[in-house]
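Trainee: when you get a sec, could you give me coordinates for this:
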Amino acid sequence: MLRLENCLIENGGFSLRADLEIAPGSRIAVIGPSGAGKSTLIEALAGFRSLSKGAVYWKGKDLSKVAPGKRPIAMLFQDGNLFPHLTVAQNVGLGIHPNLRLDDAQQAKVKAALARVGLDGMGDRKPASLSGGQQSRVALARVLVQGRDLLLLDEPFAALGPALKAEMLDLVAELLAESGATLLMVSHDPSDARRIADQVVLVADGQAHPSMETAVLLDNPPPALKAYLG
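Mentor: Numbers count the residues shown, from 1 in each chain. Have a look, this model is predicted:
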């Protein structure tokens, strides 16, 4: 169980409150108006932003004072965060060890992850030689080798066209089904939520609200969400 207990997250003059629970294995879309604090919430879970109040628990363990790299969390950013001077395999290998000194078993793990995301045989290429969709797959493979319990996506596929984005979301869904990991995905697009998420956390008016079933919330949005969706 992921538990955000009486959390207050402050970002400059902006503050966000969260008090909610998320069951293991859930697929959660985090949606809400622009500037409402969706990325702020994800960054706090990952440990990149400190809590001013409250605590974050995963399976009963308080993560609030745990360094980002030590949390059971893998995060996929909007830009994919690939290093242009490294090969595809090296970019994925960073998910295992930052010094890239990998033994044979770890190198095999990288190769298997690339094959799983449809990039078999591309490990020696540089990111610049890949399409946008392929670069997204590299970033996803790096998350895959980490084997973490919680996967946080901060709109990593926003720059892709509709067909490619749908393809990547379906791949994420497949990987989640295989690993049993819990997903929290920031999205501006309600169709993304309908495609992959069984529940939605609405972030609006300074509050991250308890999760609701995706169809229930999106078919009958509250005023703040209705105004954003139009």
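
Trainee: helix or strand with the lowest mean pLDDT in this structure?
Mentor: Least confident helix or strand of the chain, by mean pLDDT, DSSP states H and E, is helix 223-229 with a mean of 82.

Trainee: can you tell me what sits against that helix?
Mentor: For helix 223-229, the external contacting residues (C-beta atoms under 8 Å, 6 or more residues apart in numbering) are 31-34, 36, 190, 202, 204-205, 217, 221. Placement of C-beta: from N, CA and C, glycine included.

Trainee: just stretch 121-138 next, same as before
Mentor: So stretch 121-138 is contacted by 80, 82-89, 91-92, 110-111, 114, 117-119, 156-157, 159-160, 164, 167-168, 171 (C-beta under 8 Å, 6+ apart).

Trainee: okay, now the domains of the chain?
Mentor: Listed domain ranges for the chain are 2-72+148-229, 81-147 (source: automatic domain parsing).

Trainee: each with direction, which strands does whichever strand or helix holds Val203 pair with?
Mentor: Under the criterion of DSSP states H and E, Val203 resides in strand 199-204. Strand 199-204 has its sheet partners listed here by DSSP bridges as strand 27-31 (parallel), strand 207-208 (antiparallel), strand 212-213 (antiparallel).

Trainee: quick revisit: and which of the contacts of helix 223-229 is nearest Leu151?
Mentor: Ile31 (16.9 Å; C-beta to C-beta).

Trainee: how many neighbours does the closest one have?
Mentor: 28 (other C-beta atoms under 10 Å).

Trainee: do you know the pLDDT at it?
Mentor: Predicted confidence (pLDDT) for Ile31: 94.

Trainee: now it: how far from Leu140?
Mentor: Remark: distance between Ile31 and Leu140 (C-beta to C-beta, to the nearest Å) = 21 Å.

Trainee: most distant residue from the middle of this structure?
Mentor: Distance from the C-alpha centroid of the chain peaks at Asp104, with 28.6 Å (C-alpha atoms, centre = their mean).

Trainee: how about Leu119, secondary structure?
Mentor: For Leu119, the assignment made with DSSP: H, G, I helix; E, B strand; the rest coil gives coil.

Trainee: stretch 43-54: end-to-end distance?
Mentor: End-to-end distance of stretch 43-54 (C-alpha to C-alpha, to the nearest Å): 15 Å.

Trainee: show the contacting residues for Met1.
Mentor: Met1 neighbours (C-beta under 8 Å, 6+ apart): 21-24, 57-60.

Trainee: which of those has the largest number of neighbours?
Mentor: Tallying neighbours with other C-beta under 10 Å puts Ile22 at the head of the contacts of Met1, with 22 neighbours.

Trainee: please look at that residue and Thr182 and confirm they touch.
Mentor: Yes: contact criterion C-beta atoms under 8 Å: Ile22 and Thr182 qualify, at 6.6 Å.

Trainee: which neighbours do these two have in common?
Mentor: Jointly contacting Ile22 and Thr182 under the rule C-beta under 8 Å, 6+ apart are 2, 28.

Trainee: all strands for this protein, in order.
Mentor: With DSSP state E as the criterion, the chain has strands at 2-11, 14-22, 27-31, 51-58, 61-62, 73-76, 150-154, 182-186, 199-204, 207-208, 212-213.

Trainee: same list, the ones you listed, but as a markdown table with distance to Ser129 please.
Mentor: Formatted as a markdown table, the strands of the chain follow (distance: least, C-beta to C-beta, whole Å):
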| stretch | distance to Ser129 |
| --- | --- |
| strand 2-11 | 37 |
| strand 14-22 | 38 |
| strand 27-31 | 32 |
| strand 51-58 | 38 |
| strand 61-62 | 42 |
| strand 73-76 | 21 |
| strand 150-154 | 25 |
| strand 182-186 | 28 |
| strand 199-204 | 37 |
| strand 207-208 | 40 |
| strand 212-213 | 42 |
